[in-house]
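generate coordinates for the sequence data below:
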Amino acid sequence: MSRKRLDAFNLALATLGGLVLLLPLIALFTKVPWASLISRLTEPNSISAIRLSMWSSLLATLICIILGVPLAWILARGNRRIVNIVRPLVLAPIVLPPTVAGMSLLALLGRNGLLGRYIYDATGWSMPFTASAVVFTGVFVGMPFLVLVVESTFRHLPSDQEDAAEIDRATPFTMFRLIALPQSRNGIATGAVLAWARALGEFGATMMFAGSLPGLTQTWPMQVYFETDQDMSSAYALSAVMAIVAVAVVFALRKQLRRAFAN
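This next block holds a predicted model:
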């Protein structure tokens, strides 16, 4: 079928669908006070929120890589029956409502949580409403995106080198370290950027688990929410920069994402 032949009905619906997605962003950019953008972004509260979001999302991404890449490898190479049960659970945070994600984290690591009670009894420290909670939330919501992309990348690796390594009696870890990882650099980088963007933009789960304490747990998205009651112009300015980051991420990864999910 030629890709150049487009019927009017689908073209009209596609145009309407595109406008539904594009017009809100266009409207957002029309509200941005461009003349005072820099001054609004450099206000103390905004700087503090942006700094927290940047370092916490980067740390969360590093943890996602360390834990998520091996997890993706196991999902790609493990027993199919077990993997088919585990994979939906691993990817569940992608579709969990943010408040439910936050409640899940509280149920696990809250002062009376499944693990949190033992941590608190042993150390007197509780993770909720700390900067650590911001990072952990980023890991929880970001890692499934990395696993999704990297598992797909692992599944599409050519098998000839692995077959040769098996003939040479290479261990599974050697195959992972010397064959799979080098060939999957682009997929891992793509998944890492997606995980970072997801962690950077998380709001609901972070609000539930870490709160919104200025200078401690108030992230960039929370600062946007806070500014809607204080100064809408600042809220629009902060939102526009986040939107630019999001669009830039998707644009930069468009080819890698297409390749990662190619059949």
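
quick one: mean pLDDT over the host helix or strand of residue 121.
According to DSSP states H and E, residue 121 maps onto helix 116-123. Here helix 116-123 scores 96 as its mean pLDDT.

and after it, which helix or strand comes next?
The C-terminal neighbour of helix 116-123 among helices and strands, as given by DSSP H and E, is helix 131-155.

counting by contacts, list what that next one packs against.
helix 44-77, helix 80-91, helix 98-109, helix 185-201, helix 204-210, helix 254-260 (3 or more C-beta pairs under 8 Å, 6 or more residues apart in numbering; DSSP states H and E). (Each C-beta comes from the backbone N, C-alpha and C, glycine too.)

orientation of that helix relative to helix 98-109 in degrees?
110 degrees (axes from the mean of the first three to the mean of the last three C-alpha atoms, to 10 degrees).

got the buried residues for the helix holding residue 121?
Neighbour counts over helix 116-123 (16 or more other C-beta atoms under 10 Å) mark 116, 120 as buried.

for residue 147, which of the helices and strands packed on helix 131-155 is the nearest?
The closest of the helices and strands packed on helix 131-155 to residue 147 is helix 44-77. By C-beta to C-beta, the value is 4.7 Å.

angle of that closest one against helix 131-155?
Using the same axes, to 10 degrees: helix 44-77 against helix 131-155 is 40 degrees.

can you start the count at 178 instead of 1 from here on
I'll keep to 178 as the first residue from here, and by that count the last item is helix 221-254.

which strands and helices sit next to helix 221-254?
Counting by 3+ C-beta pairs under 8 Å, 6+ apart, helix 221-254 packs on helix 214-218, helix 257-268, helix 308-332, helix 362-378, helix 397-407, helix 409-429.

from the chain's centre, how far out does that helix sit?
Using C-alpha atoms, centre = their mean, to the nearest Å, the mean C-alpha position of helix 221-254 is found 8 Å from that of the whole chain.

which element follows the lowest-mean-pLDDT helix or strand in the chain toward the C-terminus?
Ranked by mean pLDDT, DSSP states H and E, the weakest helix or strand in the chain is helix 337-344, scoring a mean of 66. Using DSSP H and E, the helix or strand that follows helix 337-344 in sequence is helix 349-352.

what residues of that next one count as buried?
residue 352.

same question for stretch 421-436.
Buried, per 16+ other C-beta under 10 Å, within stretch 421-436: 426, 430, 433-434.

ditto for stretch 361-378
Using 16+ other C-beta under 10 Å as the test for burial, stretch 361-378 gives 361, 364-365, 367-378.

distance between it and the chain's centre?
The answer for stretch 361-378 is 7 Å, by C-alpha atoms, centre = their mean.

with stretch 415-428 instead?
With C-alpha atoms, centre = their mean, you get 14 Å for stretch 415-428.

ok, stretch 185-201 next?
For stretch 185-201 - counting by C-alpha atoms, centre = their mean - the centre lies 27 Å from the chain centre.

one more: stretch 200-210?
Using C-alpha atoms, centre = their mean, the offset of stretch 200-210 from its chain centre is 24 Å.

what does it contact?
For stretch 200-210, the surrounding residues in contact (C-beta atoms under 8 Å, 6 or more residues apart in numbering) are 217, 409-410, 413-414, 416-417, 420, 424.

please indicate which of the residues you listed are buried?
Among those, those buried by neighbour count (16+ other C-beta under 10 Å) are 217, 413-414, 416-417, 420.

list the helices and strands the helix holding residue 298 packs on?
Partner elements for helix 293-300 (3+ C-beta pairs under 8 Å, 6+ apart): helix 275-286.

which elements pack onto the helix it packs on?
helix 293-300, helix 308-332, helix 381-387.
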